[in-house]
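1. Let me see the structure of the following:
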Amino acid sequence: MRHPLSTYRLQIREAFTLDQAAEVTDYLRDLGVSWAYLSPILEATPGSDHGYDVVDVTRVDPARGGAVGLDRFAAAARAEGLGILIDIVPNHMGVSEPRTNAWWWDVLRQGRASAHATAFDIDWEFGGGKVRVPVLGDHLDAVIEDISYDPKPAADAPDGLIRYFDHVFPVAPGTGSAGDDIRALLDAQNFELRFWQDEAADLNYRRFFAVTTLAGVRVELPEVFEATHAEILRWVREGLADGLRVDHPDGLVDPGGYLDRLAVALTEASDSEVGYVLGEKILEHGEALPSWWKTAGTTGYDALAEIDRVLTDPAGEAALDALDARLRVDSDLPALTGWHDLIHDTKRKIADSIQVSEIRRIVRGLPAALREEFEAEVLQDALAEILACFPVYRSYLPAGRAHLDAAVGEAEGRRPELADVIERLVPALADTELEIAWRFQQTTGPVMAKGVEDTAFYRYTRLGSLTEVGGDPGQFSLDIAGFHTAQAQRHASWPTAMTTLSTHDTKRGEDTRARIAVLAEIPERWAEVLEEFRGVASTGHGPFDSLLWQAIIGAWPASASTPEGLKVYRERLHAYAEKAAREASEVTGWWEQDEAFEERMHAVVDAATGPAAERVRAFVDEISAAGWSNGLSAKLLQILGAGVPDVYQGSELWEQSLVDPDNRRAVDFAERRRLLAEIDAPGAPTPAVDATGAAKLLVTSRALRVRRDHPLDVYRALEAAGAASDHVVAFDRGGVFAVATRLPWGLAERGGWGDTVVLLPDTPVIDVLTGRSFAGGPTPLADLLAFLPVALLIY
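-> Numbering: from 1, shown residues only. So this is what the prediction gives:
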């Protein structure tokens, strides 16, 4: 199987089309990239910046460059020797603007008679033969006067349209005559307009997580798979794609079966050896990827967690826990009893709110005997408790039965009054001949994602760099031996799995996390600074103040030194603060806002970027060097480590973004091209480690080029000896050696490397970052790392 040596993720959108992507392929080649990695390119909802809301599976999005744009991009990539990896979205389609999605539009118009009715996962019986569409600002009776009938025929709506503000829906065939009575007309349609808040409990179609505008697609049906993949397979057949990244396979009925079918289709589509497929699978700490999946591996969040934690000081955990406890007491909040209890409660909150529709569908599908023996509310309660206790994203029965048993055991312990009904549910949930067993497995993931990543991560605030996708914040750090073990396991089991540090989904960019991680080395100092900052401005919620101030200092950009740059950063922080607070949903939320709290929250941002800006900047300056050291170490460890490293667009310079959409901002490729030419110039000095990010570009480009030019066919830990040996992570990839500093603040406090050495083979080596030569053998780190906190050595 052909596979990349590295990838570079490009966010393709209207503001950065395939033709614009083609213009940077030479830069990617010069950087050392092996394959270009494109975000979804099928036609998406108009204006979509991410592309995960596909509305037409039959063509490349014209707004992103269309089919001709893909042809031109592929030609440019091939001319530069680049492979092409493309992100695909089999689980769902975008339905926020029904008229842009011909399949959904036809289902709304013709109902079950539509040729596309089976493409979507709709519970027609529960909806009384209609699709429930929750878009109304209130219940129907309160907004009926805002709904109108437009009898003018259109090609896609021969019987006219129903309008509600900006929302447009097709009138069912032969029902336009009822247009004089809007209520009678609505009753005659194949869809039912509902209050938007009804989506939580009364929706009758599967969706992506809790996003009602992303309707689940039934790719488990052969005809639906063929229809949704015809264009994708054309890319493979015509040499426009070498591999695929599969978004959210856990949402599918049978992820493994889907990957099997995809593998067959890829083989049939091309005479060449095409088969590099990645699955966006989030693994919990200690969980293994299903070994039978026909995939090269995950998209790399597991590697991200390992790299971040080996660069986190374990000595800071107790002090940061104590700080968090004080903040909770000061804010009259209950003490945390641990990460596991917190996520149980946040998952249960999700199961009792925005996932009720999905759980009730499972209840409706239970065997009749169970539904007769227990009331629906009791069954729903028991299912919600099992979901809240489920330890991983999902099982793949019969594999993963142990996860179900563990969830059941914990649920019975937490809710002994439900033990009887829980026990009675187990045979049905474990019986793969029953539809509800599959539906239950499709529901554990949304409860986990929304309860953990999108809620608990914003409540567990002791150290924000640990609350990242794919990470377990309960695991504070990873020792050097544990890091090497994880790397060796990846090299042995999944050598071509992707690794990453930043994505379009990460809560914080890699260098935002790298700076925040410094706080684990100076917890007492951070407690003093946070108290000072809270004295300037506070939300009144201590743990959220900690989260927000960490974000402020972690993402503080060099551009904030100018009034315009500070203004831009202020706007970014306001957006982040709002999202973080509403996701945490402790004081304010998406459904109901606490205006007083949000006013105080925005006042914190205004103070940090206004009257307190100089004080904030001073603390940022205090920890920046250590943060930059962490950032360079993380980049080297990722690119030279086991797996296939992805460089998220722009992250070859400092990547100090916050949660989406902040992490999808435009990339200044011209500046990166200029800087790369500058450091590539003959005789160019080693860049300083400073705010320009040139040192990171040096590390990224040299590591990518070494990876491209040298086979990395082994993974061996290198030993260090001396008093500061705990401050270095080093390994041998088969004549290519990576040496990276860890815990730089503590290293400086102890006076530097002293007599500490890294034990290299007795063969001369060259550091490709600085051009300096070393004799090999025991090599003093004070000399090796005199100019940069990392070294990349080759024979």
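2. Give me the nearest residue to the residue nearest the centre of the chain, chain neighbours excluded.
-> With distances taken as C-alpha atoms, centre = their mean, Asp505 lies nearest the centre of the chain, 2.8 Å away. In this structure, Asp505 finds its nearest non-sequential neighbour in Val469, 5.6 Å apart by C-beta to C-beta, 6 or more residues apart in numbering. No exception for glycine: its C-beta is placed from N, CA and C like everyone else's.
3. swap in Asp594?
-> Per C-beta to C-beta, 6+ apart, closest to Asp594 is Thr588, 4.1 Å.
4. Pull the contacting residues for that neighbour.
-> When contacts are counted by C-beta atoms under 8 Å, 6 or more residues apart in numbering, Thr588 is found next to Ala581, Arg582, Asp594, Phe597, Glu598, Met601.
5. Show me which of these is closest to Val768.
-> Of all the contacts of Thr588, the one sitting nearest Val768 is Ala581; the distance, using C-beta to C-beta, is 45.3 Å.
6. Could you measure from that closest one over to Ala437?
-> 37 Å (C-beta to C-beta, to the nearest Å).
7. The two: which has the busier surroundings?
-> Neighbour count, other C-beta atoms under 10 Å: between Ala581 and Ala437, Ala581 has more, with 25 against 19.
8. Tell me the first helix or strand C-terminal of whichever strand or helix holds that one.
-> Counting by DSSP states H and E, the secondary-structure element that holds Ala581 is helix 563-584. Moving toward the C-terminus from helix 563-584, the next helix or strand (DSSP H and E) is helix 595-608.
9. on contacts alone, who are the packing partners of that following helix?
-> Judged by 3 or more C-beta pairs under 8 Å, 6 or more residues apart in numbering; DSSP states H and E, the packing partners of helix 595-608 are helix 523-536, helix 542-555, helix 563-584.
10. again, only using 10 Å
-> Other helices and strands packing on helix 595-608, by 3 or more C-beta pairs under 10 Å, 6 or more residues apart in numbering; DSSP states H and E, are helix 523-536, helix 542-555, helix 563-584, helix 613-640.
11. same question for stretch 429-443, mean pLDDT?
-> Here stretch 429-443 scores 97 as its mean pLDDT.
12. Would you mark the buried spots in that stretch?
-> Leu429, Ala430, Leu434, Ile436, Ala437, Trp438, Arg439, Phe440, Gln441, Gln442, Thr443 (16 or more other C-beta atoms under 10 Å).
13. Quick check: the third one vs Glu521, distance?
-> The spacing between Leu434 and Glu521, counted by C-beta to C-beta, is 52 Å.
14. Ok, the fifth one next?
-> Plainly put, Ala437 is 48 Å away from Glu521 if you go by C-beta to C-beta.
15. Ok, the first one next?
-> Using C-beta to C-beta, one gets 46 Å for the distance from Leu429 to Glu521.
16. and if you look at the second one?
-> When distances are taken as C-beta to C-beta, Ala430 and Glu521 turn out to be 47 Å apart.
17. and the residue nearest to Pro611 when sequence neighbours are not counted, what is it in contact with?
-> Leaving aside its sequence neighbours, Pro611 sits nearest to Val536 (C-beta to C-beta, 6+ apart; 7.2 Å). Counting by C-beta atoms under 10 Å, 6 or more residues apart in numbering, Val536 touches Trp549, Ala603, Val604, Ala607, Ala608, Gly610, Pro611, Ala612, Arg615, Val616.
18. Which two of those residues have the greatest separation?
-> Pairwise distances across these (C-beta to C-beta) peak at 15.9 Å, for the pair Ala603 and Arg615.
19. can you redo the contacts of Val536 as JSON lines with pLDDT?
-> Shown next, in JSON lines, are the contacts of Val536 (pLDDT from 0 to 100):
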{"residue": "Trp549", "pLDDT": "98"}
{"residue": "Ala603", "pLDDT": "98"}
{"residue": "Val604", "pLDDT": "98"}
{"residue": "Ala607", "pLDDT": "98"}
{"residue": "Ala608", "pLDDT": "98"}
{"residue": "Gly610", "pLDDT": "97"}
{"residue": "Pro611", "pLDDT": "96"}
{"residue": "Ala612", "pLDDT": "97"}
{"residue": "Arg615", "pLDDT": "97"}
{"residue": "Val616", "pLDDT": "98"}
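20. Which of the residues you listed ranks first by neighbour count?
-> Ala608 (27 neighbours).
21. Make sure that residue is actually in contact with Ala555.
-> No: assessed by C-beta atoms under 10 Å, Ala608 is found out of contact with Ala555, at 11.1 Å.
22. just checking, what packs against the host helix or strand of Arg705?
-> Here Arg705, judged by DSSP H and E, is contained in helix 694-709. In terms of contacts (3+ C-beta pairs under 10 Å, 6+ apart), helix 694-709 is packed against helix 25-31, helix 613-640, strand 644-648, helix 669-680, strand 736-741, strand 790-794.
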